[in-house]
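Novice: The following block contains a protein sequence and its predicted model.
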Amino acid sequence: MKRYLLIALLLVTPACISSRERPAADPSLLGPPTIRKDVVVEHAEQFDTDIGPRPAGSQQEFAAATYLTGHLQQAGYVMRLDAVPVANTVKSTNVIALPPSGETRLVVAIPYDTEPGSRAGFGTALGLWLELARALKVMVPDHSVSFVAVGAEETPINGGSLGSRRLAQFLLDEELEPTMVTISKVGESRPESLVVFGDDPGICASEECISSGTRTNVYERAGFESVVVAGDPDALGPALLEFLSGTRR
């Protein structure tokens, strides 16, 4: 495995980290407050090539969770790992980067597993998500955004969407009422486009933003305000960073 995965394996801890145990992040090592395209590509290669297909509960899914946890810790986030039951003794994990401010105003969610029997993929979206979390931490060190990678989302077991269902219940149990922002397909639409499903136009980057109405998902059914975004990473990354940092509003 390549350098990035090795770094993540060294950084991850087996247990959840208390919110009082803030990792010491060296600001000089966090990078610029922008989305680094080359790093997104490097992350994508790790998920799509080195780790490969990531069905729920597999060693590959665990490796992906380890990779995500390590890089978020390196960016200075306090992490929480929340188990997602899949079948019998098989478990997946929701990887949760807690908001530095202690207040959860927004949650940016993304699935990281793949359908059983499918080829590896979604690496660009995961790379963009990691870079978004890192860049936001540089721009606004005490922001109120939680980043969550949900596991067991693509499995057909028990109706699927196990990670998002577990996340919705976790938020309800914690009596939190954030707006949910879900990153969907990235890099599969026309260049420089951004598609938003939902009612929050603040995420739109330009006149090319296409509003396609609402799309019911787990979070909406649980009573949360929910937005789903997709599109070209060159448009999606900067638009989300501006939205989350509050510089667009």
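Specialist: Yep, it's here. Just so we're clear, the structure is a prediction, and the values are computed from it rather than from any experiment.
Novice: Below-threshold pLDDT in the protein: ranges please.
Specialist: Where the chain drops to pLDDT under 70, the residues are 1-29, 188-191, 205-216, 247-249.
Novice: residue ranges of the strands in it, please?
Specialist: 79-87, 90-97, 106-111, 145-150, 179-186, 194-197, 210-211, 226-231 (DSSP state E).
Novice: out of those, deepest packed?
Specialist: Neighbour counts (mean count of other Cβ atoms under 10 Å) averaged over each of the strands of the chain peak at strand 145-150, with a mean of 26. From N, CA and C alone the C-beta is placed, and that goes for glycine too.
Novice: hey, C-alpha coordinates of that one in CSV?
Specialist: Extracted C-alpha coordinates of strand 145-150, given in CSV (Å, rounded to 0.1, in the frame of the first residue of the first chain):
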residue,chain,number,x,y,z
VAL,A,145,-19.5,21.3,10.8
SER,A,146,-19.3,17.6,11.4
PHE,A,147,-18.0,15.3,8.6
VAL,A,148,-19.3,11.8,8.6
ALA,A,149,-18.4,8.9,6.3
VAL,A,150,-21.2,6.3,6.5
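Novice: Packing partners of it?
Specialist: Counting contacts by 3 or more Cβ pairs under 8 Å, 6 or more residues apart in numbering; DSSP states H and E, strand 145-150 packs against helix 59-74, strand 90-97, strand 106-111, helix 123-139, helix 162-173.
Novice: Distance to Gln46 added to those, as a markdown table?
Specialist: Formatted as a markdown table, those follow (distance: least, Cβ to Cβ, whole Å):
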| stretch | distance to Gln46 |
| --- | --- |
| helix 59-74 | 6 |
| strand 90-97 | 15 |
| strand 106-111 | 15 |
| helix 123-139 | 7 |
| helix 162-173 | 20 |
